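[1] only geometry, no sequence info:
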């Protein structure tokens, strides 16, 4: 996109020209761009957004599916992540690209103390945060990069509270999101209000990835509810993938091990 065409879009830079690149423990792989300060009129704050581009992006004119990740500082780089652990999404997507799975991955940073309220759909700012994703971040990404903007190529992904708001987003905005990845989701928030919400929501066509470890809260009740609603966990038309990791804990390192399987399920092979 030309400078003139970019017009009023937020400033963007490559990771190599951003201070994080030289931070101790830097682990970025591949092409990652950074919007240092993306303003949210919905939440009256700003935050960085990181964008991973697939290996073929600069060698083709193709358009790509997009995954929107919560807790973006934990997605690509140990130097910015919580407790020095990351999801390794960039390394995973680099490897999967050789097998035909390519996508743009967007890491939306959380805002620290406001994270709980922004990721809480029922008594917090969840709907305002969702509006930020759909009405500010997604248009920015679609204008800045060669995306496939339709719902069939748009996924929302998160862990813990991020998994909660991601599943909520899938059912709340089916016009935008055609798939969701919920890693170790915090479904206990709001006294389990997400269960009643999903129960009364209409069936939404798309793919749902759901997991947890055996050393954390179980997501099995949600798996059972989704199966009751008609999501299929087997066969060629599979729409639900449920994973239980024996010994799995509630950490970024644990989620990184489950990212490859989730990405293969959520990304359409090209």
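    Received it, and whenever you're ready, just let me know what you need. Worth saying up front: this structure is predicted, and the values here are computed from it rather than measured.
[2] okay, CA-based contacts and neighbour counts for the rest of this
    OK.
[3] hey, where'd the helices end up in the stretch 51-200 of the chain?
    Using DSSP state H, counting those that start in this stretch, the helices of the stretch 51-200 of the chain run over residues 89-97, 115-118, 126-132, 138-144, 161-172, 189-200.
[4] Give me the mean pLDDT for the shortest one.
    By that I understand helix 115-118. The average pLDDT within helix 115-118 is 97.
[5] Any idea how far that helix is from the middle of the chain?
    Centroid separation for helix 115-118 versus its chain: 16 Å, with C-alpha atoms, centre = their mean, to the nearest Å.
[6] Any chance you could list what contacts it?
    Contacting residues not belonging to helix 115-118 are listed as 123-126, 128-129, 161 [C-alpha atoms under 8 Å, 6 or more residues apart in numbering].
[7] coming back round to it: can you list the helices of the stretch 51-200 of the chain in JSON lines and add mean neighbour count and distance to residue 33?
    Output for the helices of the stretch 51-200 of the chain, formatted as JSON lines (neighbours: other C-alpha atoms under 10 Å; distance: least, C-alpha to C-alpha, whole Å):
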{"stretch": "helix 89-97", "mean neighbour count": "20", "distance to residue 33": "12"}
{"stretch": "helix 115-118", "mean neighbour count": "18", "distance to residue 33": "23"}
{"stretch": "helix 126-132", "mean neighbour count": "20", "distance to residue 33": "20"}
{"stretch": "helix 138-144", "mean neighbour count": "16", "distance to residue 33": "11"}
{"stretch": "helix 161-172", "mean neighbour count": "25", "distance to residue 33": "22"}
{"stretch": "helix 189-200", "mean neighbour count": "14", "distance to residue 33": "33"}
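[8] By residue count, what's the longest helix in the protein?
    Using DSSP state H to define each element, the chain has its longest helix at helix 252-266.
[9] So for it, mean pLDDT?
    If you average the pLDDT over helix 252-266, you get 97.
[10] Show me what that helix is packed against.
    helix 89-97, strand 179-183, strand 207-213 (3 or more C-alpha pairs under 8 Å, 6 or more residues apart in numbering; DSSP states H and E).
[11] and the gap between residue 223 and residue 202?
    With distances taken as C-alpha to C-alpha, to the nearest Å, residue 223 is found 16 Å from residue 202.
[12] Please say which of the two ends up with more neighbours.
    Neighbours of residue 223 and residue 202, each counted by other C-alpha atoms under 10 Å, are more numerous for residue 223; the result is 21 against 12.
[13] Give the burial count for residue 246, as a bare number.
    Using other C-alpha under 10 Å, residue 246 is surrounded by 10 other residues.
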